[in-house]
Every structure is written in C-alpha cells, then in structure tokens.
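In: Predicted structure and sequence below. I'll ask about it afterward.
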Amino acid sequence: MRALSAGELLDVWERGQGSSFIRRALLLLSAAYPDAPVGVLEGLSIGLRDSCLLSLRERTFGSKLVGLVNCPRCSEKLELIFDVADIKVAPPILESLADRREAGGLGEALSVCIADYEVVFRLPNSLDLIEAAGDQAGSSRQRLFERCLLEVHHNGGKTPADQLPTQVVSAVIERMASADPQADVRLSLVCPECIHQWEAIFDIVAFFWSELDAWAQRTLHEVHILARTFGWREADILALSPFRRQCYLEMVNR
C-alpha cells in the first residue's frame with residue numbers, strides 16, 4: 001500500500017461521484033494498490049478490505065477518528081473520538097496483492113459440520129455485496145448467503161441452500177463472522193445525558209468517504225482562491241504541502 005497524493009485523492013473522489021459505497025471502496029484500494037489486479041481487490045473479504053481501508057485512511061488523514069452520533073433514546077448528539085488501533089484487527093501482510101493471491105480472504109474455503117450437515121463456504125467479498133444489492137426480489141441477505149456457499153452435503157447427498165435448517169444457517173454465519181471480524185465493527189456507546197447504552201455499527205467506507213468529500217470540497221476552494229490570485233495551475237497548487245498552501249492562503253487574506 002502507498003499513500004495517495006492530493007491529486008490522486010481528488011481523482012478518486014471525482015470518479016466516485018454517483019457510485020455506490022462498495023464501488024468507492026474499490027476505487028480507493030485500486031489507487032492505493034496500483035499493481036493489484038482489480039479481480040484480486042474485488043475478491044478480498046469484507047473484513048480484509050475494510051482493514052486495508054483503515055490503513056489507507058490512517059496514511060491519508062492520520063490515526064485519530066472523530067465523528068458524531070445521536071442517542072437513539074433522547075437524540076442527544078455525542079462526539080466520538082477514538083483511534084484506528086482501537087477498532088482495527090491486524091490483517092495478513094499484504095505487501096503486494098498482485099503477487100499474493102493466497103492472502104487471507106481471497107476466496108479460500110471454510111467449512112462447518114453440524115447436525116449431519118457439512119457446509120463448505122467462503123467469506124463474502126465486494127462483488128457479492130454488489131450482486132446482492134441488485135437483487136430485485138428483495139432477498140438480498142439470502143442471495144448473499146447463497147453466493148458464498150460452495151458445497152452442502154447431508155446424509156451423503158447434496159442439499160439446496162434454501163432448504164438448510166435455521167440452526168445450520170446460523171452456524172455458518174457465526175463462522176463467517178469469527179473468520180472475518182473486521183467486517184462487523186461495533187462501538188459500545190453510553191449517552192451522558194440519559195445513560196442509555198447501545199451499539200453503533202462503524203462503517204469505514206462511509207466514514208472515510210465522508211471525510212474525503214469534505215476534504216475535496218475544501219481543497220478545491222483553496223485551489224480556486226490561489227489560482228485566481230496568483231494564476232497558478234491546479235497541479236502546482238496541489239503539489240504544495242498543506243502548510244505552505246495555508247501560508248499562501250493567509251497572505252491572500254491579509
């Protein structure tokens with residue numbers, strides 16, 4: 001993984017306009033891993049993908065995460081401040097995704113044996129989420145589950161996925177969660193006003209993109225001011241360090 005320049009971040013932001021968050025996640029990873037085939041990035045498990053995005057976010061905006069959330073009971077607005085290390089599960093070393101197709105989360109088979117059923121499956125990836133999201137029948141969760149099943153055996157024969165007992169389905173989902181813990185990050189929160197306790201899901205894709213959007217809007221405004229004042233090209237302005245760019249902006253405002 002490599003850090004992205006200001007110009008590269010703006011390019012990703014522009015290309016991601018109108019796209020789903022799943023596609024935006026893949027755009028960010030493609031920029032950070034330019035030598036990795038798209039198919040390899042699409043095949044990363046959701047947890048491994050999100051772990052890579054956390055690392056990229058840390059390189060881009062630092063390790064501290066700051067957000068706002070409303071208490072579901074009294075609607076009090078809470079400010080959340082925590083660190084990437086607080087929620088990150090260490091991933092396998094992915095120095096070169098182009099050469100390491102055997103890295104964790106790239107489609108390897110897992111299995112569960114319960115109640116005379118043997119279920120062989122893989123972890124969900126971004127393509128699975130895209131396919132399931134486009135299911136017109138409204139059964140996206142079932143569609144996602146079925147896409148990840150590789151083999152189902154019961155009493156020596158094969159069993160259709162839609163005929164699996166609830167007990168077996170729950171066991172498979174539980175095994176998926178334990179094998180890919182970064183895919184479901186939850187924050188334990190307490191409201192200081194009403195003392196209500198609850199868990200909030202943390203979505204690194206939505207969080208990172210929201211930060212990127214705010215940064216891009218602010219950066220484009222800075223480019224506009226400096227280009228209009230000094231006649232500089234966008235590329236030259238973006239090549240400036242944030243500190244030097246701010247110094248020039250302060251000169252304009254004097």
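Out: Thanks, I have it.
In: okay, CA-based contacts and neighbour counts for the rest of this
Out: Noted.
In: Tell me the pLDDT of Ala132.
Out: On pLDDT, Ala132 comes in at 90.
In: What is the burial count for Leu27?
Out: Leu27 is flanked by 20 other residues according to other Cα atoms under 10 Å.
In: Surely it and Gly16 touch.
Out: Yes - judged on Cα atoms under 8 Å, Leu27 makes contact with Gly16 at a distance of 7.2 Å.
In: Let me see the ranges of the strands in the stretch 1-150 of the chain.
Out: Here the stretch 1-150 of the chain has its strands, by DSSP state E, counting those that start in this stretch, at 64-70, 77-83, 110-114, 117-121, 149-154.
In: could those go into CSV alongside mean pLDDT?
Out: Converted to CSV, the strands of the stretch 1-150 of the chain look like this (pLDDT from 0 to 100):
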stretch, mean pLDDT
strand 64-70, 96
strand 77-83, 96
strand 110-114, 96
strand 117-121, 96
strand 149-154, 94
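In: Tell me which of these sits nearest to Val168.
Out: For these, proximity to Val168 was assessed by Cα to Cα; strand 110-114 is nearest, at 6.5 Å.
In: Listing partners with orientation, what would you give for that closest one?
Out: strand 117-121 (antiparallel) (DSSP bridges).
In: Could you find the closest non-adjacent residue to Ile237?
Out: The spatial neighbour of Ile237 that comes closest, neighbours along the chain excluded (Cα to Cα, 6 or more residues apart in numbering), is Val223 at 6.4 Å.
In: Next, the contact list for that neighbour, please.
Out: Val223 sits next to 234, 237-238 when contact means Cα atoms under 8 Å, 6 or more residues apart in numbering.
In: Would you mark the buried spots in the helix or strand where it lies?
Out: Using DSSP states H and E, Val223 sits in helix 204-230. Neighbour-count burial for helix 204-230 flags 204-205, 208-209, 212-213, 215-216, 219, 222-226 (criterion: 16 or more other Cα atoms under 10 Å).
In: Turn the residues you listed into CSV, including pLDDT and distance to Ser170.
Out: Output for the buried residues of helix 204-230, formatted as CSV (pLDDT from 0 to 100; distance: Cα to Cα, whole Å):
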residue, pLDDT, distance to Ser170
Ile204, 97, 25
Val205, 98, 26
Phe208, 98, 31
Trp209, 98, 32
Leu212, 98, 37
Asp213, 98, 38
Trp215, 98, 41
Ala216, 98, 42
Thr219, 98, 47
Glu222, 97, 52
Val223, 98, 52
His224, 97, 54
Ile225, 97, 56
Leu226, 97, 57
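In: quick check: mean pLDDT across stretch 237-248?
Out: 96.
In: who touches it?
Out: Residues outside stretch 237-248 that contact it (Cα under 8 Å, 6+ apart) are 6-7, 223, 226-227.
In: Show me the one of the strands of the stretch 1-150 of the chain that comes nearest Pro181.
Out: strand 110-114 (14.8 Å).
In: Val205 - nearest residue in space that isn't next to it in sequence?
Out: Computed as Cα to Cα, 6+ apart, the closest residue to Val205 that is not its neighbour in sequence is Ala25, at 6.0 Å.
In: what about the one you found, distance to His224?
Out: Counting by Cα to Cα, to the nearest Å, the separation of Ala25 from His224 is 28 Å.
In: Likewise for Ile87?
Out: 37 Å.
In: Check Asp83 too.
Out: Distance from Asp83 to His224, by Cα to Cα: 33 Å.
In: As CSV, could you dump the C-alpha coordinates of stretch 53-73?
Out: C-alpha atoms of stretch 53-73 as CSV (Å, rounded to 0.1, in the frame of the first residue of the first chain):
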residue,chain,number,x,y,z
LEU,A,53,-9.1,0.9,4.1
LEU,A,54,-8.4,1.7,7.7
SER,A,55,-4.7,1.6,7.0
LEU,A,56,-5.2,3.9,4.0
ARG,A,57,-7.3,6.2,6.0
GLU,A,58,-4.6,6.4,8.6
ARG,A,59,-2.0,7.2,6.0
THR,A,60,-4.3,9.8,4.5
PHE,A,61,-5.8,11.7,7.5
GLY,A,62,-4.0,10.3,10.5
SER,A,63,-4.9,7.7,13.2
LYS,A,64,-7.5,9.7,15.1
LEU,A,65,-11.1,9.3,14.1
VAL,A,66,-13.7,11.9,15.1
GLY,A,67,-17.4,11.6,14.4
LEU,A,68,-20.9,12.5,15.7
VAL,A,69,-23.8,10.2,16.6
ASN,A,70,-27.3,10.8,18.0
CYS,A,71,-28.5,8.9,21.0
PRO,A,72,-31.4,6.7,19.9
ARG,A,73,-33.3,7.5,23.1
